[in-house]
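J.: My questions concern the predicted model and sequence given below.
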Amino acid sequence: MQTATQTRSSSGLRPAFGVSAPRVQRLAQQPRHICYAAQIQFIRGVDEPTVPDVTLKRARSGTSGQAIFVFDNPSIFQASGELGDITGLFMIDDEGTLSTTDVKAKFINGKPQAIEAKYAMRSQFEWDRFIRFMDRYAESNGMGFEKSNPQK
């Protein structure tokens, strides 16, 4: 074990020149940014595992647009009676929640077969925010983007 030599000063004992007491260094903590997977819910707190077909429409001016989600035979049909009513479409990621109440069920022979939801974007900010959500959702669910060919 090493000991530091000490010298006497007017204030008492202190370490000799060149020898200092050990210092505790605090490392600057980097801010933690945890990215949660983007999720879609019809009932708050209940994730929908069915991946929808999504169609995007945008005005020529670029200031507004619409996303149309079509879920074929979503799992929420089996659980909705036990968990509550479908109250809307909630798109949740680490930035927050986007939502719409424009949700319709499609029935064939009296049985629910699909859910169609429309999400309207009325500004460039809303469009950009939706695209960021969809990028996260696509990454989480193995989706891709396919541009349509405009018909002449």
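T.: Thanks, I have the structure now.
J.: Verify the contact between residue 40 and residue 91 for me.
T.: Yes: here residue 40 reaches residue 91: they are 5.7 Å apart, a contact under Cβ atoms under 8 Å. For every residue, glycine as well, the C-beta is placed using N, CA and C.
J.: What residues of the strand ranked longest in the chain count as buried?
T.: Among the segments of the chain that qualify as a strand by DSSP state E, the longest is strand 111-121. Of the residues in strand 111-121, 114, 115, 116, 117, 118, 119, 121 count as buried by neighbour count, 16 or more other Cβ atoms under 10 Å.
J.: and the first one, bridged to which residues?
T.: Taking DSSP bridges, one finds residue 72, residue 106 as the beta-bridge partners of residue 114.
J.: Contacts only, for it.
T.: Residue 114 makes contact with 70, 71, 72, 73, 74, 105, 106, according to Cβ atoms under 8 Å, 6 or more residues apart in numbering.
J.: Which of these sits closest to residue 47?
T.: When the contacts of residue 114 are compared for distance to residue 47 (Cβ to Cβ), residue 74 wins out at 11.1 Å.
J.: So the nearest residue to the closest one once chain neighbours are set aside versus residue 72, what's the distance?
T.: Leaving aside its sequence neighbours, residue 74 sits nearest to residue 50 (Cβ to Cβ, 6 or more residues apart in numbering; 4.2 Å). For residue 50, the distance to residue 72 (Cβ to Cβ, to the nearest Å) stands at 7 Å.
J.: again with residue 111
T.: Using Cβ to Cβ, residue 111 is found at 13 Å from residue 72.
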